[in-house]
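> I need the structure of the sequence given here:
(chains A and B)
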Amino acid sequence: MEFKKMIACAMAFGVLAIGGSAFAQNAKYRVAYIARSQSDSFAAWLANSIVKEAKKYPDISLTVFDGQSRNELMQSHIENAVTNKYNLIIIQPYDPEIQIGPVKQATVQGMKFVATNPKFSDNSVPSVDSSPYLLGSVNAKLAMTQVPKNAKVVVLLGPPGNPHSLGRRDAWQKEFFDKRPDVKILDEQIANWNKDEAMRLMEDWVQAHGKIDAVISMNDNMAAGAVEAIKGSGATTYPLVYGTDGTAEACLLIKDGKMTSTALQNADELAVRSVKMAHDILTGKPTDLHETVGTELYTRNNVDKCIALHQSLGDIK
Amino acid sequence: MRTETRNLTGRFTLLSSRYSIYLILIVMVVVSSIISPVFFSASNFSNISRQISITTILAFGQTLLIICGLIDLSAGSVLALAGLLSVMFYKATGMFVPSIAVGIAVGSLCGFVNGWIVTRFATPAFIATLAMQTAARGAALMLTNGQNIYELDKFVAWGQGVVLGIPAPVIFLVLVALLTWYVLNHTRLGRYIYAIGGNQEAARASGIRVNRIKKWAFLLNGALVGLAGVLYMSRVNAGLPNAGIGFEFDAMTAAIIGGTSFSGGIGTAVGTLAGAFIMGFLGNIMNLLGIQSYLQQVIKGGIIVLAVAYDISSKTGRKKKNVAASQAKPVTAATNLPNP
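Numbers count the residues shown, from 1 in each chain, chains lettered A, B, ... in the order given. A predicted model of the protein is given here:
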């Protein structure tokens, strides 16, 4: 009986807390931010930046929903936002080809959208995104000058079908592999953006192939996993390791000489522009509906700038 | 002469049925060594052991629970939470040895909560641990704001250190294997775990305090999950809030391949170790051969089904009948014993 009372009290407290927070949202515009996954470090950085940015607009109250890398959950969040009469949704699609259907349905019902990282391929939804091709190509162009003749390389890919993984890989193909037929790809596998999966693959590749001249990774997490595997193999010299995103860990590895370069995907800039576009749409202010955020390539020569950025964000103490 | 041959055949069949999973393991090693020159080397075995150590430690915990008729779906999330808190403790205090204790304590606490919910409210373990899975993952993300923690400094020694040429996670793996084997085979707790999994009501009727044993099983499992969390974070040299997603299923797979029965009451520590090595060898050889990742998943699924089907059929199917037939015939013919 005591436990039943305890549970009843806990439930009542929960309902009051939720109700309280709902009443606290008295801003003019209610915006839902649907993140593809809060457990993806880059997506989390973007979500945190969007929350921070939204606070600068007193007429906006922003609520974050986590898509947990699940298409059906992304769809539920869109439908719920329509039902709950949000004024606008900023969406970070998990799979744009799947989310475009529910987004178009919601648009018919009067919902406004801003898509960010990645955008929808048909440009039917206002968007702020970085260019995956650009992110891949800046690294690939550097690799053209660094990767030795007849080099043996391995390639780490993001989740299957992910537009950023595909776009970056496409850039590497056109800007590097097509121009360097002497370079041999020893192996190319999916590590799902994950450090541990990449680490495991690299451990096996070191066993299978011995010397590897370069690791070409579609993001920094996987590149860092490859570096850990090389470290664990007892190697004294590190191969060329290319990543993308400009994460704090990658910057520190570049500083230590264990990674070669990373192309910054600036979540802060994506956030600033996404929230501004959302606000402009809500207030009827004319705005460019498709914006592309640039990138900066960090190598050992200029990585201190990237480290300073992460120190300002609190990622590096 | 004919009787001796039949006896030998019968013994061989009996042995192969009892040790079928180890035969599969040996066949895998032989075949892998033939198709890849790199496979059969000390460095590669060290590599595989290091890679499977974390999942195998989780698998030992799952073995204890599955034998007891329970399950833990929260292992991956609790691994992340325990590992992160251990990392955060180390970063805040710089205390190396206590950091592992923090991870184990957090895992144990989550295990205790799982056990308490299951026994206090008669909740199915599936539901209680599913709730813990969500709550622990949420807590891990909340603690870190979804961001990774870097610069673990000396903390990495738990997962990357080497003692007398043996990787530290492998040492932990051996210790946990011995502990699990000892608990299951030489303690009253182990006997009770088997008894409860075999027939819970009979166990209760014979005076076993079922709920207490279940709580102990969850607690032990939680401690192993906590340890695995510390090893994971230190191995990857980062505090990752998204760590361990789906690890509970890899751990269950290793236990099931190793002969642990989902209906409870059956399973061994050595079998689970063999199951984990089968999984490890499989992943390793496919990477060594450069098989495409999509195809790897298909092959992995197929071989798991084949291994488990062979193991089950060799224990319960036609082979069992053959054993009985080949043993019964010579006895009747040679000794002509009277009917009881």
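> Skip the chain neighbours and tell me the closest residue to A:Met222.
A:Ala198 (3.7 Å; C-beta to C-beta, 6 or more residues apart in numbering or on different chains). (C-beta placed from N, C-alpha, C; glycine too.)
> That neighbour against A:Asn219, yeah?
No. The pair A:Ala198 and A:Asn219 does not pass the contact test of C-beta atoms under 8 Å, sitting 9.1 Å apart.
> if I pick the residue nearest to A:Met222, what's in contact with it?
A:Leu156, A:Ala191, A:Ser217, A:Asn221, A:Met222, A:Ala223, A:Ala224, A:Gly225, A:Ala226, A:Ala229 (C-beta atoms under 8 Å, 6 or more residues apart in numbering or on different chains).
> any idea which of those residues is closest to B:Ala228?
Nearest to B:Ala228, judged by C-beta to C-beta, of these is A:Gly225 at 18.0 Å.
> how deep is the closest one tucked in, by neighbour count?
By the criterion of other C-beta atoms under 10 Å in any protein chain shown, A:Gly225 has 28 neighbours.
> Over to the one 3 residues further on?
The local packing of A:Glu228 (other C-beta under 10 Å) involves 24 other residues.
> The helix or strand containing it - contacts with which helices or strands?
Using DSSP states H and E, A:Glu228 maps to helix A:220-232. Applying 3 or more C-beta pairs under 8 Å, 6 or more residues apart in numbering or on different chains; DSSP states H and E, we find helix A:220-232 packed against strand A:152-157, helix A:195-209, strand A:214-217, strand A:240-245, helix A:248-255, helix B:157-160, helix B:210-236.
> and the angle for the first one with strand A:240-245?
Regarding strand A:152-157 and strand A:240-245, their directions subtend 20 degrees when assessed with axes from the mean of the first three to the mean of the last three C-alpha atoms, to 10 degrees.
> Can you pull out the residues in contact with strand A:152-157?
A:147, A:165, A:169, A:172, A:183-191, A:198, A:201-202, A:205, A:209, A:211-218, A:222-223, A:225-226.
> Would you tell me what the next helix or strand after it is?
helix A:163-172.
> average model confidence for that following helix?
Helix A:163-172 shows a mean pLDDT of 93 in the predicted model.
> So what touches it?
By C-beta under 8 Å, 6+ apart, helix A:163-172 touches A:96, A:117-118, A:121, A:131-137, A:139-140, A:155, A:157-159, A:193, A:216, A:218-219, A:244.
> How far off centre is that helix?
14 Å (C-alpha atoms, centre = their mean, to the nearest Å).
> strands paired with the next helix or strand after that helix, and their directions?
Going down the chain from helix A:163-172, the next helix or strand is strand A:184-190, by DSSP H and E. In the sheet, strand A:184-190 lines up against strand A:152-157 (parallel) (DSSP bridges).
> Output the set of residues of the stretch 51-200 of chain A in proximity to chain B.
Within the stretch 51-200 of chain A, the positions adjacent to chain B are A:Pro160, A:Leu186, A:Asp187, A:Gln189, A:Ile190, A:Asn194, A:Lys195, A:Asp196, A:Met199, A:Arg200 by C-beta under 8 Å from any C-beta of the partner chain.
> Switch these over to TSV; also include neighbour count.
Shown next, in TSV, are these (neighbours: other C-beta atoms under 10 Å in any protein chain shown):
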residue	neighbour count
A:Pro160	11
A:Leu186	17
A:Asp187	22
A:Gln189	25
A:Ile190	24
A:Asn194	23
A:Lys195	27
A:Asp196	24
A:Met199	25
A:Arg200	23
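> so B:Gly198 makes contact with B:Gly264?
Yes. The pair B:Gly198 / B:Gly264 is scored as a contact, 6.6 Å apart, by C-beta under 8 Å.
> which non-adjacent residue is nearest A:Val275?
Nearest to A:Val275 is A:Glu53, by C-beta to C-beta, 6+ apart, at 4.3 Å.
> Not counting sequence-adjacent ones, nearest residue to residue 250?
Just going to use chain A. A:Asp220 (3.7 Å).
> meant chain B, my bad for not saying
B:Thr55 (4.8 Å).
> Tell me how many other residues crowd that neighbour.
24.
> where in the chain is pLDDT low?
Unless you meant another one, I'm taking chain A. A:1-26 (pLDDT under 70).
> ah, I was thinking of chain B
In chain B (pLDDT under 70), the answer is B:1-8, B:10-18, B:314-340.
> redo that, cut-off 80
Applying pLDDT under 80 to chain B flags the ranges B:1-19, B:293, B:304, B:307-308, B:310-340.
> So which bits of it are right by chain A?
So far as C-beta under 8 Å from any C-beta goes, chain B lies against chain A at B:36, B:38, B:41, B:43-44, B:47, B:50-51, B:120-121, B:137, B:141, B:145-148, B:150-151, B:160, B:232, B:235-238, B:240-243, B:245, B:283-284, B:287-290, B:292-294.
> May I ask which helix or strand encompasses B:Ala140?
Under the assignment here (DSSP H and E), B:Ala140 is part of helix B:125-144.
> who touches that helix?
Residues contacting helix B:125-144 (C-beta under 8 Å, 6+ apart): A:38-39, A:44, B:65, B:70-74, B:76-78, B:80-81, B:84-85, B:88, B:110, B:113-114, B:117-118, B:121, B:239, B:241, B:248.
> and if we set it to 7 Å?
Identification of contacts with helix B:125-144 by C-beta atoms under 7 Å, 6 or more residues apart in numbering or on different chains yields A:38-39, B:70-74, B:77-78, B:80-81, B:84, B:110, B:113-114, B:117-118, B:239, B:241.
> Can I get that helix in CSV? Just the C-alpha atoms.
Extracted in CSV, the C-alpha atoms of helix B:125-144 (Å, rounded to 0.1, in the frame of the first residue of the first chain):
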residue,chain,number,x,y,z
ALA,B,125,12.6,-8.7,-16.1
PHE,B,126,12.1,-7.8,-19.8
ILE,B,127,10.0,-4.7,-18.7
ALA,B,128,12.0,-3.7,-15.7
THR,B,129,15.3,-3.7,-17.6
LEU,B,130,13.8,-2.0,-20.6
ALA,B,131,12.8,0.8,-18.3
MET,B,132,16.3,0.9,-16.9
GLN,B,133,17.7,0.9,-20.4
THR,B,134,15.8,4.1,-21.2
ALA,B,135,16.5,5.8,-17.9
ALA,B,136,20.2,5.0,-17.8
ARG,B,137,20.7,6.2,-21.4
GLY,B,138,18.8,9.4,-20.6
ALA,B,139,21.0,9.9,-17.5
ALA,B,140,24.2,9.4,-19.5
LEU,B,141,23.1,11.9,-22.1
MET,B,142,22.0,14.4,-19.5
LEU,B,143,25.3,14.1,-17.6
THR,B,144,27.3,15.0,-20.7
